[in-house]
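A.B. asks: Kindly generate the corresponding structure for this input.
(one chain, ligands or ions: 1)
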Amino acid sequence: MQNLKGKNILIGKEPGAGRLLVAIEGTQFNTAIGPANSVPATVSRCMPAQGTAHARISIDAGGNMLLTNLKPQNVTFVNGTRVLSKHIDSDTAIELGSDHFSVNMAAILATARRLVSPAIQVSQPPVTGASTPPVPGVPGIKVASKQGQSTFNIKPLEEIWMRYENEMERIQAKQKRTNTMRALQGVLSLGGIVFGSVMAMCGAPAVGILFSCAALVLGIVAFFLTKNDTSAEDRKLALERLEDTYLCPNPACRKSLPTKPYKWVERNYTSCSYCKSKFTH
Ligand SMILES: [Zn+2]
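C.D. replies: Model prediction:
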């Protein structure tokens, strides 16, 4: 704990590979733990360069640890209870996101200790996540120019963009269907009941009751079909998936490219603005 006093640890989903990213706030030091794609989408991404993460663990001079949920849309659980901020120990049970992704505090602390240990930084530079590629001039981190002139083919990004576009079209179509169902729900319930009542008054009560009941059932079915409109959430998830995969193809860089159509990227990006790799297509 000694070397972590006064430090803030950021944790969240690693953009791209979907492991748990552990970062020391305000530094270039971060590393991912756990298997690829082990962290569910309900855990917010940790992007130390932007200062964003799912949660922060602040360690004060006395070694006390305070866990803070960083975004209002995040959920964080301590010992099974949802918290915004809570004092924790190294053996506290912590879960991130509505899928209750369980994190191992001891492993996070051990990783953070390694990240801030100067001896290890020299012999073994920290693994840089997608959000913090090598930075020229920062000690202990590979200088970009060493890999800078490599050439990478960005053509595979075209398929990623197409998949995103198809996904958005699918979400749009689904929302259109939902809106139609909503309109239908009103017409069916009202029309069916009115028609049913008229039939009942005209001396055909059985037909009237049948129609009223059918209209009610249809109305209820339509209500439940349209109740769970997830299109806003679906859109957000699709965009996050794109941001996680629409990256510089240089494995040492993996910096996010603008979330613009592939043709636009192809025209405007002849090289990576970060690692300086040349792009072909
Ligand atoms: Zn790059």
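
A.B. asks: which residues of the stretch 51-200 of the chain fall in strands?
C.D. replies: Ranges of strands in the stretch 51-200 of the chain, per DSSP state E, counting those that start in this stretch, are 55-59, 65-69, 76-78, 81-83, 85-88, 94-96, 101-103, 151-153.

A.B. asks: can those go into TSV with extra columns for mean neighbour count?
C.D. replies: Heads up, the C-betas are built off the backbone N, CA and C, glycines and all. As requested, the strands of the stretch 51-200 of the chain are arranged in TSV below (neighbours: other CB atoms under 10 Å):
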stretch	mean neighbour count
strand 55-59	20
strand 65-69	18
strand 76-78	20
strand 81-83	12
strand 85-88	15
strand 94-96	21
strand 101-103	17
strand 151-153	13
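
A.B. asks: export those to a markdown table and tack on mean pLDDT and distance to M201?
C.D. replies: As requested, the strands of the stretch 51-200 of the chain are exported to a markdown table (pLDDT from 0 to 100; distance: least, CB to CB, whole Å):
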| stretch | mean pLDDT | distance to M201 |
| --- | --- | --- |
| strand 55-59 | 95 | 64 |
| strand 65-69 | 95 | 60 |
| strand 76-78 | 94 | 58 |
| strand 81-83 | 93 | 55 |
| strand 85-88 | 94 | 64 |
| strand 94-96 | 95 | 60 |
| strand 101-103 | 94 | 60 |
| strand 151-153 | 93 | 74 |
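
A.B. asks: Tell me which of those lies nearest to the ion.
C.D. replies: Of all these, strand 151-153 sits nearest to the ion, with 7.9 Å by CB to the ion.

A.B. asks: quick one: strands adjacent to that closest one?
C.D. replies: strand 278-280 (parallel) (DSSP bridges).

A.B. asks: Could you report the distance from G191 to the ion?
C.D. replies: Distance from G191 to the ion, counting by CB to the ion, to the nearest Å: 60 Å.

A.B. asks: before we move on, what about H281?
C.D. replies: 15 Å.

A.B. asks: residues from this protein in reach of the ion?
C.D. replies: With CB under 5 Å from the ion as the criterion, the chain comes near the ion at residues 248, 250, 253, 255, 272, 274-275.
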